[in-house]
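Engineer: Just to be clear, the model below is a prediction. Sequence and coordinates:
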Amino acid sequence: MPGTDDHKQTVREAFTEQAEAYARNSSITDSERIDRLVTVSGAGPRSRVLEVATGPGHVAFGFADVCEDVVGIDLTKAPLSIAAEQKRNRSVDNVEFLQGDAESVPCSDNSFDIVVCRFALHHLENPSDVLQQMTRVCRPGGTIAVEDLVVSEHTRRGNYQNEFERLRDPSHVRALPISDLLRTVAEQGIEVEDVRSGALIPEVETWLSNAETPESRAKTVREMIRKDEERDLSGTRPLRRDGDLYFVQRTATIVGRVLENTPETPNS
C-alpha cells in the first residue's frame, strides 16, 4: 500500500531542515561515485534519464554531462530549489527538476531509457511501490539502477543498525539486507544484471550534525554505536581515527533490465 501522509510529511520536514547540509555531504557529492553509477547504467548520448528522489540533483547533473535529456523528481521543495540554482549556475539546459511523489511518478509509461534512484529507498515505507513506478516509466529493455544502504542479513543485527539510523533521522524507515533488496527489485520484472557492493564511512559527529539530530537522540545514537564498537552488534564495525568515532555503512548498487514479459514470481 502507498506510504502514509504522516511519513511523507516527516520526509519533507527532514529534508527541508537538512537541505543545505545534505547538498554538501561528501557521500552525496562524490563525483567518482556518481560517475560509477552513470557508467554501470550504460548511459549514452541519446539516453533519456529519470532520477527518482533527486534531492539537490547531483546525480541528475552527472547524467546530464553524458545524456541527451534528464529529469529529476523529488517530494521536497527545498532540495529542488538548490538543484534549480545549480542548474542556473552551470547553464545546463538538458536537465529538468520537478516536484513529485516517487509513489506516483508524474511521467508517462515507457518514457525513459534509464531510471535511477540513489540513497532514497531506505526513506520510503514501501520501496516496492516506488520500484513499480520506476519500471512503469522505463521502456521495455531499459535500465533500472538503484543504489542504497544495506544492512546485515541477520535480522537482529540489521535491526540494530536501522534503530540508530532512525534515531539519527526519523525519515529513515528501513535499509534492507541485500537479499531483500535484490528480491524486491526482481519482483518488479527487472532482470538483475549487475550487483556491486561498496561502503560509506561517516564520522559520527559530522553525520549527526548533517541530520540536525537533537542532542537527546544523538546521545542515544552515540551510546548505541559505542556498544557496537565493543560488542559487534550490527556489522557496521565502528572504528577510531585520531580519537574520532566512525562506522561503516554498507551499500549496494543493483542494475537491471526491464523485461517485456514480467514473470509471475522470481526464483527464490
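Structural biologist: Happy to help now that I have it. Remember, it's a predicted structure, so these values are computed and weren't measured experimentally.
Engineer: C-terminal to the strand of greatest length in the chain, what's the next element?
Structural biologist: Selection of the longest strand in the chain by residue count, based on DSSP state E, yields strand 138-151. Using DSSP states H and E, the helix or strand that follows strand 138-151 in sequence is helix 155-168.
Engineer: other SSEs contacting the helix or strand following that following helix?
Structural biologist: Using DSSP H and E, the helix or strand that follows helix 155-168 in sequence is strand 176-177. Judged by 3 or more Cβ pairs under 8 Å, 6 or more residues apart in numbering; DSSP states H and E, strand 176-177 is in contact with strand 138-151. Using the backbone N, CA and C atoms, a C-beta is placed for each residue, glycine as well.
Engineer: For stretch 21-31, measure first residue to last.
Structural biologist: 17 Å (Cα to Cα, to the nearest Å).
Engineer: so S179 sits right up against H154, yeah?
Structural biologist: No - between S179 and H154 no contact is recorded; they are 11.2 Å apart, counting by Cβ atoms under 8 Å.
Engineer: Name every strand pairing with the longest strand of the chain and say which way it goes.
Structural biologist: With DSSP bridges as the test, strand 138-151 is paired with strand 112-118 (parallel), strand 176-177 (parallel), strand 249-258 (antiparallel).
Engineer: That strand versus helix 155-168: what angle between them?
Structural biologist: Interaxial angle, strand 138-151 versus helix 155-168 (axes from the mean of the first three to the mean of the last three Cα atoms, to 10 degrees): 90 degrees.
Engineer: Any buried residues in strand 138-151, and which?
Structural biologist: C138, R139, G142, T143, I144, A145, V146, E147, D148, L149, V150, V151 (16 or more other Cβ atoms under 10 Å).
Engineer: One more: stretch 51-68?
Structural biologist: 51-67.
Engineer: Which of the three states applies to N110?
Structural biologist: Assigned by DSSP: H, G, I helix; E, B strand; the rest coil, the conformation of N110 is coil.
Engineer: State the distance from it to V173.
Structural biologist: 29 Å (Cβ to Cβ, to the nearest Å).
Engineer: Comparing the two, which residue is more hemmed in?
Structural biologist: Taking other Cβ atoms under 10 Å, N110 and V173 do not tie; V173 has more neighbours (20 against 15).
Engineer: show me what contacts the more buried one?
Structural biologist: H7, H122, H123, L124, E125, R166 (Cβ atoms under 8 Å, 6 or more residues apart in numbering).
Engineer: Among those, which are located in strands?
Structural biologist: Among the contacts of V173, no member falls in strands (DSSP E).
Engineer: Quick check: mean pLDDT of stretch 5-13?
Structural biologist: Stretch 5-13 comes out with an average pLDDT of 86.
Engineer: how about the nearest residue to T213, chain neighbours excluded?
Structural biologist: Leaving aside its sequence neighbours, T213 sits nearest to R168 (Cβ to Cβ, 6 or more residues apart in numbering; 5.1 Å).
Engineer: Run a quick neighbour tally on the one you found.
Structural biologist: R168 has 22 nearby residues by other Cβ under 10 Å.
Engineer: Would you agree it is in contact with A218?
Structural biologist: Yes - look at R168 against A218 with Cβ under 8 Å: they come within range, at 7.4 Å.
Engineer: Touching both of those two, which residues are there?
Structural biologist: Joint contacts of R168 and A218 (Cβ under 8 Å, 6+ apart) are L208.
Engineer: deepest of the strands paired with strand 138-151, which one?
Structural biologist: strand 112-118 (a mean of 25; mean count of other Cβ atoms under 10 Å).
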